[in-house]
Structure formats: structure tokens, C-alpha cells
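Q: Got a sequence here, can you build the structure:
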Amino acid sequence: MTDFPRLMHTALDTTDARGLAEFYRVLLGLHYRSGHEPPADGPDDADWLVLLDADGVRRLAFQRVDVALPRSTWPSHEVPMQLHIDYAVPSVAELDRHRERALALGAEVLLDRTDDESEPLVVLADPAGHPFCLLVAP
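A: Here you go, the predicted structure:
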């Protein structure tokens with residue numbers, strides 16, 4: 001049993017997952033998770049990409065969305081910042097435990113994929129409505 005979930009990576013929604021991933025890869029000196037590298041030839045329609053640091057630790061993820069996202073106007077609040085955070089837990093039992101803790105603290109379930117054998121997860125909204133994920137990952 002773990003006391004708390006650990007930060008897995010920060011995930012950014014974007015209409016161009018590869019383009020944004022490349023920006024951060026070069027800017028921060030990161031590398032792609034195995035299998036997420038750009039294709040040698042042909043179209044690149046990646047929906048989900050993960051970047052790791054030199055020690056193999058996940059740092060950033062990029063999720064392609066099909067709707068145009070307005071650019072943030074921060075520090076003005078007309079269009080707020082757009083991101084979510086993924087938190088990893090070691091087992092389904094821990095996923096269930098931390099889900100219940102989050103609900104008790106005021107979270108709301110947005111998506112429940114705890115029965116997904118390849119990557120059990122639950123997407124919740126914090127009390128202010130910001131989404132975050134709890135998922136089983138090594």
C-alpha cells in the first residue's frame with residue numbers, strides 16, 4: 001500500500017500532438033517513450049505521445065484533440081490555462097482506494113475505465129472542475 005499517488009506526468013491537450021511534443025522535446029532535451037518516436041515515413045496521426053527525461057522518467061504527455069483550442073490569455077482570465085495531471089498508482093486496489101479518497105475530498109468522476117485490463121484509470125474533476133487522472137502504471 002502506498003500513502004499517496006505520485007505525479008506521473010503532465011498531459012497537454014493540443015490539435016497537433018507531434019508538433020507540440022517536438023517543441024518540448026527539443027526545448028527540454030527529452031526523448032520519446034519507446035514506440036512514440038516519429039514515423040520514418042508516412043503520415044503521423046499520433047493521438048498520444050509521452051516524453052521522458054534522461055533517466056527514463058515520464059515528464060510530459062500530449063493528447064491530440066479534434067477541436068480547436070483557444071490560446072490561453074493568461075494572466076488575463078478570458079481563456080484560462082489548459083492542462084491536466086496524471087497520477088500513477090501501483091495496482092487496481094490502490095486505484096480504487098485513491099479514487100474513494102478523492103471523492104471524499106470533493107472530486108467528481110468524469111470517466112471510469114477501471115475495468116480496462118491494459119491501463120485501468122479513472123478521470124476525475126477536482127472541486128473547481130479541473131480534470132486529473134488516476135491510473136495503474138509501473
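Q: switch to C-alpha atoms for all contacts and neighbour counts from now on
A: Fine.
Q: What lies in contact with stretch 115-127?
A: When contacts are defined by C-alpha atoms under 8 Å, 6 or more residues apart in numbering, stretch 115-127 is touched by residues 92, 95, 99, 106-114, 131-137.
Q: So which of these are in helices?
A: Here DSSP state H is the test, and those give 92, 95, 99 as lying in helices.
Q: pull the longest strand from the protein.
A: Ordering each strand of the chain by length in residues (DSSP state E) puts strand 6-14 first.
Q: just curious, which of the ones in helices among the contacts of stretch 115-127 is nearest to Ser76?
A: Top of the list for closeness to Ser76, among the ones in helices among the contacts of stretch 115-127 and by C-alpha to C-alpha, is Arg99 at 33.0 Å.
Q: what bridges to Phe62?
A: Beta bridges link Phe62 to Leu12, Leu49, judged by DSSP bridges.
Q: pLDDT score assigned to it?
A: Taken from the predicted model, the pLDDT recorded for Phe62 is 91.
Q: same deal with Pro75?
A: 86.
Q: Distance check, it against Asp16.
A: Counting by C-alpha to C-alpha, to the nearest Å, the gap between Pro75 and Asp16 amounts to 24 Å.
Q: and the two? which has more neighbours close in?
A: Comparing Pro75 with Asp16 by neighbour count (other C-alpha atoms under 10 Å), the higher total belongs to Asp16, at 17 against 9.
Q: Quick check: the more buried one touching Val67?
A: No: with contact defined as C-alpha atoms under 8 Å, Asp16 does not count as touching Val67 (10.7 Å).
Q: how's the protein carved up into domains?
A: In terms of domains, the chain is parsed into 1-68, 83-138 (source: automatic domain parsing).
Q: okay, how far is it across the shortest one, tip to tip?
A: Domain 83-138 has an end-to-end distance of 23 Å (criterion: C-alpha to C-alpha).
Q: Output the contacting helices and strands for the host helix or strand of Tyr87.
A: Taking DSSP states H and E as the definition, Tyr87 sits inside strand 84-89. Counting contacts by 3 or more C-alpha pairs under 8 Å, 6 or more residues apart in numbering; DSSP states H and E, strand 84-89 packs against strand 6-14, strand 131-136.
Q: Can you tell me how far Ala102 is from Leu83?
A: 19 Å.
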